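Q: coordinates only, no sequence provided:
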């Protein structure tokens, strides 16, 4: 894959999967730990990974306590989704080198955590990370849908080929999936995401529902599927 130069004011699809396509999230606690790192490590202040790994026992599902602290994020995250063997992040850098530094810290911290938990060693992800530049508005808007619709395959693995078996149930599953940013958009409670740095695609909950329904009904998410 060609090397990308990340520029402030531009938008990028960041993704990676487990080495040998292995699962990188095996329990709710592991998903929640990665979500915590998405928030906690998005800071230009250098944090020792040993501290991050060992000392945060959290209330891992409730990083809101950390949100009270003043931070200077390295990137703005517009959307995210964690799947059993891969993840997606839609981001824009806020400082020079922000995406590369953030992703290095994120994957290193989570790999340390996962390896300790599973008594393993070595790489967990396939290299550093993959990235695609969202070079136009249509593609950028498409990414919001593609990322948020990823969990649909858990509920209905064939929906892309024949359409949803039950549109309402599939939409409800996507809305309630706990490891994507769909919930932050639906609740308007943005902790990990910062939509102020992105074009305003969804002004309210109704817009989010309409957008999800339109992509589910017409199956327009196949274009990016070959990337992961």
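A: Sure, I can see it. This one's a predicted model, so the numbers in the text were calculated from it and none came from an experiment.
Q: for the spatially most central residue of the chain, give me phi and psi.
A: Centroid-nearest residue in the chain, with Cα atoms, centre = their mean: residue 80, separated by 2.2 Å. Main-chain torsions, residue 80, degrees, to the nearest 10: phi -160, psi 160.
Q: what's across from it in the sheet?
A: Residue 80 has these beta-bridge partners by DSSP bridges: residue 89.
Q: can you count the residues close to residue 106?
A: Counted with other Cβ atoms under 10 Å, the neighbours of residue 106 add up to 23. Using the backbone N, CA and C atoms, a C-beta is placed for each residue, glycine as well.
Q: what distance separates the helix or strand hosting it from the centre of its chain?
A: Counting by DSSP states H and E, the element that carries residue 106 is helix 98-118. Distance, stretch centre to chain centre, for helix 98-118: 14 Å (Cα atoms, centre = their mean, to the nearest Å).
Q: domains for this protein, by residue range?
A: As assigned by automatic domain parsing, the chain contains the domains 11-132, 137-180+200-222.
Q: for residue 190, find the nearest of those domains.
A: Nearest to residue 190 among those is domain 11-132 (9.3 Å), distances taken as Cβ to Cβ.
Q: would you mind measuring from the closest residue to residue 130 other than its chain neighbours to residue 121?
A: Excluding the flanking residues, the one nearest residue 130 by Cβ to Cβ, 6 or more residues apart in numbering is residue 15, at 5.2 Å. Residue 15 is 24 Å from residue 121, where distance means Cβ to Cβ, to the nearest Å.
Q: ditto for residue 72
A: Residue 72 is 33 Å from residue 121, by Cβ to Cβ.
Q: what are the ranges of the strands in the protein?
A: Ranges of strands in the chain, per DSSP state E, are 11-17, 75-83, 86-93, 130-134.
Q: show me what the last one is packed up against.
A: Which is strand 130-134. strand 11-17 (3 or more Cβ pairs under 8 Å, 6 or more residues apart in numbering; DSSP states H and E).
Q: any idea of the angle the strand it packs on forms with strand 75-83?
A: 40 degrees (axes from the mean of the first three to the mean of the last three Cα atoms, to 10 degrees).
Q: who's more crowded, residue 15 and residue 121?
A: Here residue 15 and residue 121 are compared on neighbour count by other Cβ under 10 Å; more neighbours surround residue 15, at 21 against 9.
Q: surely that one is in contact with residue 85?
A: No: Residue 15 lies out of contact with residue 85 (Cβ atoms under 8 Å); the separation is 11.4 Å.
Q: where in the chain is pLDDT low?
A: 1-2, 46-70, 203, 218-228 (pLDDT under 70).
Q: let's see it at 50
A: Residue ranges of the chain with pLDDT under 50: 1, 51-61, 63-68, 220-221, 223-228.
Q: next one: the residue lying closest to residue 8 once chain neighbours are set aside from residue 18, what distance?
A: Distance criterion Cβ to Cβ, 6+ apart; nearest residue to residue 8, sequence neighbours excluded, is residue 93 at 5.3 Å. Counting by Cβ to Cβ, the gap from residue 93 to residue 18 is 25 Å.
Q: more crowded one of those two?
A: Neighbour count, other Cβ under 10 Å: between residue 93 and residue 18, residue 93 has more, with 23 against 18.
Q: go ahead and confirm the more buried one touches residue 101.
A: No: in this structure residue 93 lies outside contact range of residue 101 using Cβ under 8 Å: 9.3 Å.
Q: many thanks, I have nothing further to ask.
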